[in-house]
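Visitor: Below are the sequence and a predicted model; questions follow.
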Amino acid sequence: MTETEAGQATVELIALLPLLAAIALVVLALAAGHAAREAADQAAVAGAIARLQGADPVKAARAASPGWSRTAVRVGGDRVTVEIRPRVPGFIARAIGARRTVVDDPAATR
């Protein structure tokens with residue numbers, strides 16, 4: 001390998017580093033989005049169960065949500081909606097946040 005070829009390989013490697021960093025960020029964002037979806041599912045179910053048991057669904061859903069996230073809980077009618085966004089920069093959080101709604105049906109438990 002000549003000195004020119006070694007220099008060209010270094011330039012190519014440096015040119016690829018931003019692409020590799022972007023790929024790593026996408027993979028991490030996908031993992032965070034999946035974790036947010038799972039957490040939102042669990043929190044919405046916890047809120048619906050609390051509502052069926054006569055407890056405060058908002059308190060139960062917040063207790064079931066992870067500490068690493070921003071959580072919004074809404075209860076309306078027979079629905080418990082939980083929105084979880086990881087604590088990451090705004091433009092990424094909007095892309096990977098998760099919203100889950102659970103409909104509780106007291107007739108289904110009889």
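Guide: Thanks, I have it.

Visitor: middle-most residue in the protein, spatially?
Guide: A36 (2.3 Å; C-alpha atoms, centre = their mean).

Visitor: Could you pull up the mean pLDDT of the host helix or strand of that residue?
Guide: Using DSSP states H and E, A36 sits within helix 3-52. For helix 3-52, the per-residue pLDDT values average out at 85.

Visitor: roughly how far out does the next helix or strand after it sit from the chain middle?
Guide: Using DSSP H and E, the helix or strand that follows helix 3-52 towards the C-terminus is helix 57-64. When distances are taken as C-alpha atoms, centre = their mean, to the nearest Å, helix 57-64 is centred 17 Å away from the chain's centroid.

Visitor: now the helix or strand following helix 57-64 and helix 57-64, what's the angle there?
Guide: The C-terminal neighbour of helix 57-64 among helices and strands, as given by DSSP H and E, is strand 69-76. Strand 69-76 runs at 160 degrees relative to helix 57-64, counting by axes from the mean of the first three to the mean of the last three C-alpha atoms, to 10 degrees.

Visitor: Quick one: residues contacting I14.
Guide: Contacts here follow C-beta atoms under 8 Å, 6 or more residues apart in numbering; on that basis I14 touches nothing. All C-beta spots, glycine's among them, are computed from the backbone N, C-alpha and C.

Visitor: G67 versus that one, what's the distance?
Guide: Distance check for I14 against G67: by C-beta to C-beta, to the nearest Å, it reads 39 Å.

Visitor: Kindly report the same for G47.
Guide: Distance from G47 to G67, by C-beta to C-beta: 17 Å.

Visitor: Which one of those two is surrounded by more residues?
Guide: Each of G47 and G67 has its neighbours counted (other C-beta atoms under 10 Å); G47 has more, 30 against 6.

Visitor: Alright, I will stop here.
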